[in-house]
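Chemist: the following comprises the amino acid sequence and a computationally predicted model.
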Amino acid sequence: MPLTVVTAQYIAGYIYYGEYLHVTGELSARLLMLTLAVTPLRLAWPKSGWTQWLLRNRRYIGVASFVYAVPHLVAYLAKVGFMKGFGEDLLEPGMWTGWLALLLFVPLAITSNTIAVRRLGKNWRTLHKLVYVAAIFTFLHWLLVAYDPLPALIHAGILVLLMAYRLYKLVLSRRFTTI
């Protein structure tokens, strides 16, 4: 569901707070998952047009993941208050994992543009490897705060399989290039 639609529905009272948090959080996590799945999917289908499209748009998909996470946080803080939400969250694993994930995403979102890629050069790739750490905290957050952790487990499991496939292809390609 597009962010503007779900936000308008939330503001108008057509959907409740928990549903808004669920939709924005889950879409943020799914877009993150898609961002991380681009390379494994390209390795599996290297000549496919749709994987080329994903590759060309990976940064935009990653930024969209961040864009969904921001109103997720804003709605939470509007409900509980900044001081209460931030202060008490530091003691709750389900919440500080979300805070940490979002903090890791901030520099990634800020540098997901062509100017930053050029200015940072090789350091851009190094910085953007933080996405893997952020993803771990994102899925931990989802698992720890969800009423039903099964969808989070399924999504995380799919992501682990994709990353394992990526690692397998990497090891395999290095093995054959050293022979």
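Modeler: Structure received.
Chemist: low-confidence ranges, this structure, go.
Modeler: For the chain, applying pLDDT under 70 flags the ranges 1, 85-86, 175-179.
Chemist: any idea which element the spatially most central residue of the chain lies in?
Modeler: By Cα atoms, centre = their mean, the chain has its centre lying nearest to Leu32, at 2.9 Å. Following DSSP states H and E, one finds Leu32 within helix 17-44.
Chemist: remind me, longest helix of this protein?
Modeler: Determined from DSSP state H, the single longest helix within the chain is helix 49-80.
Chemist: so what angle separates the directions of that one and helix 17-44?
Modeler: For helix 49-80 against helix 17-44, the angle by axes from the mean of the first three to the mean of the last three Cα atoms, to 10 degrees is 160 degrees.
Chemist: can you point out the buried residues in helix 49-80?
Modeler: Within helix 49-80, the residues scored as buried using 16 or more other Cβ atoms under 10 Å are 51, 54, 58-59, 61-73, 75-76. Any C-beta I mention is one placed from the backbone N, CA and C, and that applies to glycine too.
Chemist: helix or strand right after it?
Modeler: helix 82-89.
Chemist: show me what that next one is in contact with.
Modeler: Tyr76, Leu77, Lys79, Met95, Trp96, Gly98, Trp99 (Cβ atoms under 8 Å, 6 or more residues apart in numbering).
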